[in-house]
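A.B. asks: Need coordinates for the following:
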Amino acid sequence: QHNEESQYYATISFLFYVSVIVLNYRMDLSVIVAQYLYIFSLSWKFIINYSFQSLISFVNKHLNRINLEV
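C.D. replies: Okay, the predicted model is just below:
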């Protein structure tokens, strides 16, 4: 249980790190996919629950940014 909890926090911090990189530098899509696949291989059970929420919020922010620029 303790190991699962530490893995949970490690995954959150890693996802946050990747999100910051993506938002700041807008990396190539292949790099983003590679990062998410690496995280997915580390903790796939947690990712399945979390990735949908993070991806939806990321898409919403991106769409809002596009609407503001138009």
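A.B. asks: contacting residues for the spatially most central residue of the chain?
C.D. replies: Nearest to the geometric centre of the chain sits Leu15, at 4.5 Å (Cα atoms, centre = their mean). Residues in contact with Leu15 (Cβ atoms under 8 Å, 6 or more residues apart in numbering) are 39, 50, 54. All C-beta atoms are positioned from the backbone trio N, CA, C, and that covers glycine.
A.B. asks: and Ser43, backbone torsions?
C.D. replies: Main-chain dihedrals, Ser43, degrees, to the nearest 10: phi -150, psi 70.
A.B. asks: Test my guess that it contacts Tyr8.
C.D. replies: Yes - with contact defined as Cβ atoms under 8 Å, Ser43 counts as touching Tyr8 (7.5 Å).
A.B. asks: Between those two, point out the one with more neighbours.
C.D. replies: The neighbour comparison of Ser43 against Tyr8 (other Cβ atoms under 10 Å) goes to Ser43, with 18 against 14.
A.B. asks: Report pLDDT for the more buried one.
C.D. replies: We have a pLDDT of 71 for Ser43.
A.B. asks: From Leu63, how far out is it?
C.D. replies: 28 Å (Cβ to Cβ, to the nearest Å).
A.B. asks: What is the burial count for Leu23?
C.D. replies: With other Cβ under 10 Å as criterion, Leu23 counts 13.
A.B. asks: Tell me how far Asn64 lies from Trp44.
C.D. replies: 30 Å.
A.B. asks: Quick check: buried residues in stretch 21-37?
C.D. replies: Within stretch 21-37, the residues that count as buried by 16 or more other Cβ atoms under 10 Å are 22, 32, 35-36.
A.B. asks: Which of those fall in helices?
C.D. replies: 22, 32, 35-36 (DSSP state H).
A.B. asks: which helices and strands does the longest helix along the chain pack with?
C.D. replies: If you go by DSSP H, the chain has its longest helix at helix 44-69. Helix 44-69 sits against helix 2-25, helix 29-42, with contacts defined as 3 or more Cβ pairs under 8 Å, 6 or more residues apart in numbering; DSSP states H and E.
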